[in-house]
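In: Predicted model, plus sequence, below.
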Amino acid sequence: MNIESMNAVFGTRSGRGGVVMFLSLSLWVCAAKSEIVEVGMGSYTTDRPENLKPLQQDIFRTAEVTGPTPTNQWWSSLVWKQFSENMFPHPLAVRCQKDGLAVTYSGSSITSLPRMYKGGKFDEMGDFVIGNSAVRSFADASLGDHSDWFVTAHFQERGGSLRASFGHGSPFVFCRIEAGAPKLSFSGPPEMWSGLEGESAVLGITVNGHHYGIFGASGSTWTLRGDSILEGKTETDYFSVALLPERSKEALDAFSACAHSHVIDTEVKPSFGDGRITTDFRFETEKLEGEASHTIFSLYPHQWKYSDSKLTDWKYRSVRGLMKVARGKAFVTSVPVQGTLPVLPVEGIPDHDRMRKHLEKEVSEKVEKYKDTYWEGKDLGKLASLSGIAGLIGEEELQLKFISELKTRLANWFTASEGEKSPLFYYDKWWGALIGSESSYNTDLDLNDHHFHYGYFIRAAAEIARHDRDWARDWGPMVELLIRDIVSIAPDDSMFPRLRCFDLYAGHSWASGHGAFADGNNQESSSESMNAWYGIIQWAEIAGKSELRDWALFLHNTERTAVEEYWFDVSGTNFPEDFPHEAIALVWGGQGGYWTWFSEHVDHIHGINWLPFTPSSISLGRSPDYVRRNYEYILSRRPEKEDYGKVW
């Protein structure tokens, strides 16, 4: 659907420096007739069952942003809220608010607490707020553009606008304005240590102990109003600011050289060969003035540990560990592939008779009614594992019973009928999301956790497909709809956003659809994310989808390295030195959490990033010394009595 037809259906509001789409519900209902859509042997509905909570109507994005709305990213609160929550494009932390973009360096102060470690406090202003001198209060901030790891926030009001671009690893915020002039409002009097007020386009300043470069276009100047408002005088519409790794003329000059080489696009290109995943990270820049076309960026630990890119001596601190600084327009990482198997070798089952009795008991258990997508998924995952085990020990009859049950349950989920409530899948056209009914953990209202839940369905489908290719052909289109919902690899998918749940630069997935928390987005069960990529690898290999398989290998092995670095810190380099735990359960943009959403028990805090145990779980044993430390730590922290603690 083109912008003109989208505007006609959805409506726009304009006249404040831009155009923002919003949902006109009555027009949308009239324009999009609800129906049962057949897909292969299956089907889904576009008529929301009444037991699913409705998604919010407003989506904050400009008309220039086309296609399904991205969710489950580090910056997703930008499209869910009138102004964003805190966002963490490390080494920076930023927030969209009515007076502009608040900016701070949260990594400069990392505090260890009993149940978490956190970056520095992000108060109302941060270190400063970037605004437009012609606008006292913006109407909203909307998604203006996005690429593989950069995003543009578009602030607008009738008097003028501000476009601010920022992204993972970049110390820069690149800005464009309409009407007015650049304005920086500091949280306290800044110390100006390089450049002259009223004469220089480039300033070196320090505020709250953090060092920044302020870069106006050639011929522009900066004037301090009072003791904390810096205004620019310029004939151009562009400027930039950057967090400096040190207070020095050398750093300021290096950043100044590329300050007007604005990053306008970013792209990740993975490739698979010779037992490794090689990933190219590429910046596209627009040179607005000067000779340089490169940029300055920083790499996370899971990147610089697997890269031979030339790095400078500069570093930033972050809640993910040290970020190392490089210059250029690209860098490459290379990660060894951890192979996956549909089943583990039969040698792992020494007592076949005992195992057969367990399997027979499972077959005899009464099948429960259909559950929500998470707990149904857990059952599907169990059945898939039982099928593989039965096959290993030669119990083909038992295996066929498990596969038959998988087929029955998936067929019910993969078929929708008029007036049915569940089990089925509903497609929300406005947000571009496939939602299972019954939902759970706000998979409907907030689009949370889709990769956690659907990974079980995909793995179950792959287990069936190993034995029945005809079933895979008939029901494959529905399986691949689930795959596209969580991680479509097509850049122009008309139904789903590209790579919904996966953060290409951070190297792992995010669970919250909106990410609207003070600490940004979060992910708890990294192992269920890995289970999703494992399921896709198996499915794609069986279905002959080599491009999808290679992308799934990239996702699986990239997230594996991130889990090792950020959930487990296997090498002991990323957690704060005084953090007392051997693992965390939750990775947030602004913290690492030694707690879960559901329990305080040490087994749960550690185990939530192990389950489900599948043949893919062998990746958890890549660092035996760390495994021993983790296990011994759990034993030392278990209560004397078997008390599973407070369950929230």
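Out: Structure received. These numbers were taken from a predicted model, which means no experiment stands behind them.
In: all helices for this structure, in order.
Out: Assigned by DSSP state H, the helices in the chain fall at 3-10, 25-31, 77-80, 249-257, 301-304, 352-364, 373-392, 396-413, 450-467, 469-487, 526-543, 546-562, 602-607, 624-637.
In: Tell me which of those helices sits nearest to G180.
Out: Closest to G180 of the helices of the chain, according to CB to CB: helix 77-80, at 21.9 Å. C-beta coordinates here come from the backbone N, C-alpha and C atoms, glycine included.
In: Dump the C-alpha coordinates for the closest one into PDB.
Out: Extracted in PDB, the C-alpha atoms of helix 77-80 (Å, rounded to 0.1, in the frame of the first residue of the first chain):
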ATOM      1  CA  SER A  77       8.900   2.900  22.700                       C
ATOM      2  CA  LEU A  78       9.300   5.500  20.100                       C
ATOM      3  CA  VAL A  79       6.400   4.100  18.000                       C
ATOM      4  CA  TRP A  80       4.300   3.100  21.000                       C
END
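In: How about residues contacting it?
Out: Contacts with helix 77-80, where a contact means CB atoms under 8 Å, 6 or more residues apart in numbering, come from 56, 59-61, 69-71, 84-85, 87, 96, 141-143, 151, 153, 513-517, 520.
In: same thing but 6 Å
Out: For helix 77-80, contacts defined as CB atoms under 6 Å, 6 or more residues apart in numbering pick out I59, F60, R61, T69, S84, E85, L143, A153, H514, G515, A516.
In: thinking the second one is in contact with G144, fair?
Out: No: contact criterion CB atoms under 6 Å: F60 and G144 do not qualify, at 10.0 Å.
In: Dihedrals phi and psi, E395?
Out: Main-chain dihedrals, E395, degrees, to the nearest 10: phi -90, psi 70.
In: Which of the helices of the chain comes out lowest on mean pLDDT?
Out: The minimum mean pLDDT among the helices of the chain belongs to helix 3-10 (a mean of 34).
In: Narrow the contacts of helix 77-80 to those in strands?
Out: Residues of the contacts of helix 77-80 located in strands (DSSP state E): R61, L143, A153.
In: Show me the one of the helices of the chain that comes nearest F575.
Out: helix 301-304 (11.1 Å).
In: What are the buried residues along stretch 389-402?
Out: In terms of neighbour count (16 or more other CB atoms under 10 Å), stretch 389-402 has its buried residues at I389, A390, G391, L392, I393, E395, L398, Q399, K401, F402.
In: And for M125, nearest residue in space, chain neighbours not counted?
Out: Setting aside the residues directly before and after it, M125 is nearest to S187 in space (CB to CB, 6 or more residues apart in numbering), at 4.1 Å.
In: quick one: pLDDT of that neighbour?
Out: Looking at S187, its pLDDT stands at 95.
In: Also the one 5 residues further on?
Out: Among the per-residue scores, M192 holds a pLDDT of 97.
In: That one pairs with what?
Out: Judged by DSSP bridges, the bridge partners of M192 are I205.
In: Show me where this protein dips below the pLDDT cut-off.
Out: Applying pLDDT under 70 to the chain picks out residues 1-34, 641-648.
In: how does it look with 50?
Out: Along the chain, segments meeting pLDDT under 50 span 1-32, 647-648.
In: Now for E582, how many residues are close by?
Out: Residues within reach of E582, counting by other CB atoms under 10 Å, total 21.
In: Make sure it is actually in contact with Y631.
Out: No: here E582 lies out of contact with Y631, judged by CB under 6 Å, at a distance of 9.2 Å.
In: What's the local residue count around D237?
Out: Neighbour count for D237, taken as other CB under 10 Å: 16.
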